[in-house]
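Trainee: from the sequence below, what's the structure:
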Amino acid sequence: MVAPVTVALSELNLPTLAPMLIAIAGALGILIIDLIKGNLHKSLFVMLSILVLLVDLGAVVGLTVGSRGFFDLMLIDGVSVVSQIMIIVASILFIPLALTSKRFHEFSYPEFFALFLFMIAGFQFMVSSDNLILIFVGLETASLALYTLIAMHNRSNSFEAAIKYFTMGAVAAGFYAMGSAMIYATTGSIELINVAQVLNAQLSETPNMLLITGGAIMMLVAFAFKLSLFPFHTWAPDVYEGASAPLAGYMSIVPKIAAFVVAWRLFGLYVYLDIESVQWIIIALGVVTMTLANIMALVQDDVKRMLAYSSISHAGFVVIALALGTTKGDSAIFIYYALFMFTNLGAFAMLWISRSKKRNFGNRFDHPYEKFAGLIKIMPMGAVVMALFMLSLAGVPPFSVFWGKLYIMSATVDAGYIWLAVVMGLNSAIAAYYYLKLIVYMFLKEPAKDLDVVYYNISKPLMFMIGVAVVATVSSILFAQPLISYITDMVSMSAYTVR
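Mentor: Numbers count the residues shown, from 1 in each chain. All right, here's what the predicted structure looks like:
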């Protein structure tokens, strides 16, 4: 007779689950409150969501770096903590925007806030585990909630965007499952730390190398969908166009942070093991993605679609850091998005300042360049702030994104890829054109005449969010070095920092 196995509660280290459980409990609490008392004002749910996120942030900061929990499924390392902080901070900035307008009815539904918290919990599971199954569960939890949030915008192109995103997400999930199966067939494990050890022992065996490389390519395709890398980027502009402007900005940041963490854990193993085929595929994807996205952004007539292609280009810029195989390159991923986060959220939020009941410049676009013509005469401060965000996204010093680009290019040069740093610099120069195009419209063109673009939505929550983004963008020169030091230290404490 086999003796029963007992597990002490202390061995489970349940505090490692606390951040996710807080988000899930907050979501369930909102649904229960709505069930007990319906038709409550959305300000209550906004405040509850912010309170839950602040408690969640406190739980993350209080985690013990270097610990595991819940049958070793949860991994709390430096990257897990840093990425969760970035996800929660971006979410806290986004939520108050629900108070900015009565135009978008989705913010009036308690379900919106519940789904939002479920989505955050999914992202937190993704970045806090090295188990391929738990990562998949977190990925699908977050994705399903996000599909619904997009559809709740309740416009024809919003439904189309949600369906496109769902379809592409389903394809990505299929590639992820197949890639995980090939990794398991090769190594007999779904724990990445064990996968690395087995792969190291099997590199000399040709049949296994085919499976190892095949599994990596399958997983790379899956994350190319999530990160909107070429040629799996085509969904992004349409989905961003169909979503509300602030949600589009949020989508350009938070899901990509979570996807980059998982990609870093997974493909970092292949790079560390000197599997050059995977390394060069990542570099090629990054170069082609940033180049084609910049070219497509040049010919866009809508500012939101331009910003969508801009986000794709930035993702291609950052993904190159995955292939460098250095601690500086690893740190550069999170430093870049920590700096890029505020600027890009602010730029998308600025699309919300102008409102019209109908589309005055065609039947498709909500934010054509003509809509911003002469903004300096209509709303001088709005034009200056938007110009500030455009200059930062273009990488003009001393604004925030400049330091991110400089750090990634420095990491690329240090790794010996001087030609690659030159390509990245040339792409930044191309990108400057379409950012400056919007500045030209705002400052040098005359405002549109006799058009219904007269109401400007500058509510206090919107002003607060944009104000935070402006302060972070402008003052980055003051906190860039401490931020770089903090993230580098945290990444060096990761279980996967083997450089």
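Trainee: can you tell me how far Ile30 sits from Val127?
Mentor: 23 Å (C-beta to C-beta, to the nearest Å). Quick note: C-beta positions are derived from backbone N, CA and C, even for glycine.
Trainee: scratch that, Phe223
Mentor: Phe223 is 13 Å from Val127, by C-beta to C-beta.
Trainee: give me the contact list for stretch 330-339.
Mentor: With contacts defined as C-beta atoms under 8 Å, 6 or more residues apart in numbering, stretch 330-339 is touched by 79, 82-83, 86, 253, 256-257, 260, 264, 268, 314, 317-318, 321-322, 324, 400-401, 403-405, 407-408, 411, 476, 480, 483-484, 487-488, 491, 494, 497, 499.
Trainee: how about stretch 385-401?
Mentor: Counting by C-beta under 8 Å, 6+ apart, 310, 314, 336, 339-340, 342-344, 346-347, 350, 372, 375, 402, 405, 428, 431-432, 435-436, 438-439, 442-443, 466, 469-470, 472-474, 476-477, 480 sit against stretch 385-401.
Trainee: swap in stretch 190-206?
Mentor: 72, 130-133, 180, 183-184, 186-189, 208-209, 212, 265-266, 269-270, 272-273, 275, 495-496, 498.
Trainee: if any of those are buried, put those into a PyMOL selection.
Mentor: Selection of buried members from these for PyMOL, criterion 16 or more other C-beta atoms under 10 Å:
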select buried, resi 72+130+131+132+180+183+186+187+189+208+209+212+265+266+269+270+272+273+275+495+496
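Trainee: among the contacts of stretch 190-206, name the ones in strands.
Mentor: Taking DSSP state E, every one of the contacts of stretch 190-206 sits outside strands.
Trainee: how far does stretch 193-203 sit from the chain's center?
Mentor: Here the centre of stretch 193-203 is set off from its chain's centre by 30 Å, with C-alpha atoms, centre = their mean, to the nearest Å.
Trainee: and that stretch, what's buried?
Mentor: Buried-residue list, stretch 193-203, by 16+ other C-beta under 10 Å: Ile193, Val195, Ala196, Leu199, Gln202.
Trainee: distance of the first one relative to Asn200?
Mentor: Think Ile193. 12 Å.
Trainee: could I get the full set of strands for this structure?
Mentor: According to DSSP E, the strands that the chain contains are 67-69, 74-76, 354-355, 455-456.
Trainee: for Val46, give its distance to Ala25.
Mentor: From Val46 to Ala25 the distance is 18 Å (C-beta to C-beta).
Trainee: okay, those two: which has more neighbours?
Mentor: Neighbours per residue (other C-beta atoms under 10 Å) separate Val46 from Ala25, with Val46 holding more: 18 against 15.
Trainee: inside helices: which ones of the contacts of stretch 190-206?
Mentor: 132-133, 180, 183-184, 186-187, 208-209, 212, 265-266, 269-270, 272 (DSSP state H).
Trainee: which of the residues you listed lies closest to Thr141?
Mentor: Ile133 (12.6 Å; C-beta to C-beta).
Trainee: per-residue pLDDT, the closest one?
Mentor: Per-residue confidence at Ile133 stands at 89 (pLDDT).
Trainee: excluding chain neighbours, give the residue nearest to it in space.
Mentor: Ile190 (5.8 Å; C-beta to C-beta, 6 or more residues apart in numbering).
Trainee: just give the number of residues close to Ala151.
Mentor: Neighbours around Ala151, by other C-beta under 10 Å: 20.
Trainee: would you mind measuring from the spatially closest residue to it that is not a sequence neighbour to Tyr109?
Mentor: Distances taken as C-beta to C-beta, 6+ apart put Ala162 closest to Ala151, at 3.7 Å, once the chain neighbours are dropped. Distance of Ala162 to Tyr109, given as C-beta to C-beta: 15 Å.
Trainee: neighbour-wise, which of those two wins?
Mentor: Ala162 (21 against 14).
Trainee: isn't that one right up against Ser143?
Mentor: No - taking contacts as C-beta atoms under 8 Å, Ala162 lies outside contact range of Ser143: 11.1 Å.
Trainee: that older thread, among the ones in helices among the contacts of stretch 190-206, which one sits closest to His233?
Mentor: Taking those together and measuring to His233 by C-beta to C-beta, the closest member is Leu266, at 19.9 Å.
Trainee: and the pLDDT for the closest residue to that closest one other than its chain neighbours?
Mentor: Once flanking residues are discounted, Leu266 sits nearest to Met219: 5.9 Å by C-beta to C-beta, 6+ apart. On pLDDT, Met219 comes in at 86.
Trainee: I figured Met219 hits Ser180, correct?
Mentor: Yes - contact status for Met219 versus Ser180: in contact at 7.4 Å, counting by C-beta under 8 Å.
Trainee: measure the closest residue to Gly382 other than its chain neighbours to Leu444 for me?
Mentor: Leaving out its chain neighbours, the residue that sits closest to Gly382 by C-beta to C-beta, 6+ apart is Ile353, at 5.4 Å. Distance of Ile353 to Leu444, computed by C-beta to C-beta: 19 Å.
Trainee: do Ala59 as well
Mentor: Distance, Ala59 to Leu444, by C-beta to C-beta: 50 Å.
Trainee: okay, the two: which has more neighbours?
Mentor: Ala59 (20 against 10).
Trainee: ok, Leu48 - contacts?
Mentor: By C-beta under 8 Å, 6+ apart, the neighbours of Leu48 are Gly26, Gly29, Ile30, Ile33, Phe113.
Trainee: any idea how many residues pack against the first one?
Mentor: Looking back up the chat, that one is Gly26. The burial count for Gly26: 24, using other C-beta under 10 Å.
Trainee: got the contact list for the closest residue to it other than its chain neighbours?
Mentor: Distance criterion C-beta to C-beta, 6+ apart; nearest residue to Gly26, sequence neighbours excluded, is Val52 at 3.2 Å. Neighbouring residues of Val52 by C-beta under 8 Å, 6+ apart: Ile22, Ala23, Ala25, Gly26, Gly29, Leu117.
Trainee: could you tell me how far Val52 is located from Met20?
Mentor: 12 Å.
Trainee: same check, this time on Thr141
Mentor: 10 Å.
Trainee: can you check Ile418 too?
Mentor: 43 Å.
Trainee: more crowded one of those two?
Mentor: The neighbour comparison of Ile418 against Met20 (other C-beta under 10 Å) goes to Met20, with 23 against 11.
Trainee: if I pick that one, what's in contact with it?
Mentor: Counted by C-beta under 8 Å, 6+ apart, Met20 has contacts Ala121, Gln124, Phe125, Ser128.
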